[in-house]
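Novice: Pasted the sequence and its predicted model underneath.
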Amino acid sequence: MNPYIMSILMCNLALGAVITAASYHWFLAWVGLELNTLAIIPILAKHHHPRATEAATKYFIIQATASSIILFSSIINAWHTGTWDITQLTTQPAPTMLLIALAMKLGLAPMHFWLPEVMQGTDMTTAFIVATWQKLPP
């Protein structure tokens, strides 16, 4: 992969983490998570091997599902509270759905089925990024 493209993707990874960590608005947190997801997909698929393509596809499907659940949870919370503020997560279905979505994004115990398969399809550096840096924003 071109070093310029790789540096842009790494900067987008850092930018997505910063946007998510610094946001007080649900939509901005979601945008930061999506920026992280969209930046790691080409890094996962940079080796032209079927296992790398499979790992990138599995990662994309799981992360897109979790992001849609996060967005749905924030919409339900905004509907009940009238605000998009992250600190006011008060209605009951919203925190439960958010917990499930974050467990999917992090690869926590009942939602961890995708993580070993993605790790097996990548090289060591990319697996390290997925196992560490991608876990910080959620």
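Specialist: Yes, it's here. Numbers count the residues shown, from 1 in each chain.

Novice: Could you give me the buried positions within stretch 7-23?
Specialist: For stretch 7-23, the neighbour count (16 or more other CB atoms under 10 Å) marks 9, 12-13, 16-17, 19-20, 23 as buried. C-beta coordinates here come from the backbone N, C-alpha and C atoms, glycine included.

Novice: right, I mislabeled it, should have said stretch 81-93
Specialist: Trp84.

Novice: Make 4 the first number, not 1, from now on.
Specialist: Fine by me, first position is 4 from now on; the one you just mentioned is stretch 84-96.

Novice: Start and end of it, how far apart?
Specialist: 13 Å (CA to CA, to the nearest Å).

Novice: got a list of contacts for it?
Specialist: Stretch 84-96 is contacted by residues 26-30, 32, 76-77, 79-81, 83, 98, 101 when judged by CB atoms under 8 Å, 6 or more residues apart in numbering.

Novice: between these, which is nearest Met127?
Specialist: In terms of CB to CB, no member of the contacts of stretch 84-96 lies closer to Met127 than Ala32, at 29.8 Å.

Novice: okay but the closest one is in contact with Ala20, surely?
Specialist: No - counting by CB atoms under 8 Å, Ala20 is not a contact partner of Ala32; they are 11.1 Å apart.
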